[in-house]
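**Q** My questions are about this predicted structure, shown below with the sequence.
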Amino acid sequence: MSGHFKEIFGSTINTIGTIQAAIGSTPSFHLSKETNYQLRLVGNVLQGTGSALSADGQGTISLEKLGDEIQAIGNSTVVTGLILYKLSKIPTEQKLIITGSWIQALGSFVGLTDEFFDHTADGRIENIIGGLLQGIGNSLQAVGGTEQLKGISSQQNLGTIGSWIQATGAVLSLIGQVKEEVEEIVLNINE
């Protein structure tokens, strides 16, 4: 599998997982608690897998690769927290989920900085805005989770809004990634 295809496929899997997790985080859809949990769990597994594939598809060491790797670690942390939380429902597991969201935000911000140094112009704007939205969305999820942990239950809306902002950013980043990879193929480079 070529690096270009891995990056596009990884970004696609990440986007699907982000949307799936956002659906699972949205109480107004009136899904069962188990369905919401499964959507969030599988969505985060897909996000982590997609980020890891994108990182593996990078032709060189870069901030984009580092950002993808950090995001994959963040998603793995969220998945661990979700699995443990389902078993025991104690604050430690909630803190893992919150920490994973902060790590994902960091990865988004690190990855988007690479766009300022990239040799390809196609997809740059989409990738910058998409990365920024994903970082903001993850940050809102972390803040919402922290407030919930403190007993401020109305902050679930903040996490839901953050999930959808992240999903919007993932869609924009997918569009940007496709444009970038097509230009790299034409120019015969892989970064």
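**A** Here it is on my side, so go on.

**Q** My guess is residue 24 contacts residue 31. True?
**A** Yes. Counting by CB atoms under 8 Å, residue 31 is a contact partner of residue 24 at 7.4 Å. C-beta: built from backbone N, CA, C; applies to glycine.

**Q** more crowded one of those two?
**A** Set residue 24 next to residue 31 and count neighbours by other CB atoms under 10 Å: residue 24 wins out with 21 against 15.

**Q** what's the distance between that one and residue 159?
**A** Going from residue 24 to residue 159 by CB to CB, to the nearest Å gives 11 Å.

**Q** intersection of neighbour lists for these two?
**A** Applying CB atoms under 8 Å, 6 or more residues apart in numbering, one finds that no residue jointly contacts residue 24 and residue 159.

**Q** residues of the one helix or strand residue 139 maps to that come out buried?
**A** Assigned by DSSP states H and E, residue 139 belongs to helix 124-149. Using 16 or more other CB atoms under 10 Å as the test for burial, helix 124-149 gives 124, 126-148.

**Q** packing partners for it?
**A** Judged by 3 or more CB pairs under 8 Å, 6 or more residues apart in numbering; DSSP states H and E, helix 124-149 is in contact with helix 91-113, helix 156-187.

**Q** shaky segments in this structure?
**A** Within the chain, the stretches with pLDDT under 70 are 1, 153-156.

**Q** re earlier: what do residue 24 and residue 31 both touch?
**A** residue 39.

**Q** tell me which residues of stretch 65-84 are tucked away?
**A** 65-82, 84.

**Q** what residues does that stretch touch?
**A** For stretch 65-84, the surrounding residues in contact (CB under 8 Å, 6+ apart) are 10, 14, 37, 40-41, 44-45, 47-49, 51-52, 54-55, 58, 92-114, 131, 138.

**Q** filter these to the buried ones?
**A** Buried members of these, scored by 16+ other CB under 10 Å, are 10, 14, 37, 40-41, 44-45, 47-49, 51-52, 54-55, 58, 93-94, 96-112, 114, 131, 138.

**Q** relative to helix 156-187, how tilted is the host helix or strand of residue 23?
**A** Residue 23 is located in helix 3-24, with elements delineated by DSSP H and E. Inter-element angle recorded for helix 3-24 and helix 156-187: 170 degrees (by axes from the mean of the first three to the mean of the last three CA atoms, to 10 degrees).

**Q** since we're on residue 121, how many residues are nearby?
**A** 11.

**Q** nearest residue to it other than its sequence neighbours?
**A** residue 183 (7.4 Å; CB to CB, 6 or more residues apart in numbering).

**Q** same check, this time on residue 35
**A** residue 24 (7.4 Å).

**Q** now swap in residue 105 and tell me
**A** Spatial nearest neighbour of residue 105, chain neighbours left out: residue 138 (3.7 Å); criterion: CB to CB, 6+ apart.

**Q** Fine by me, thanks again.
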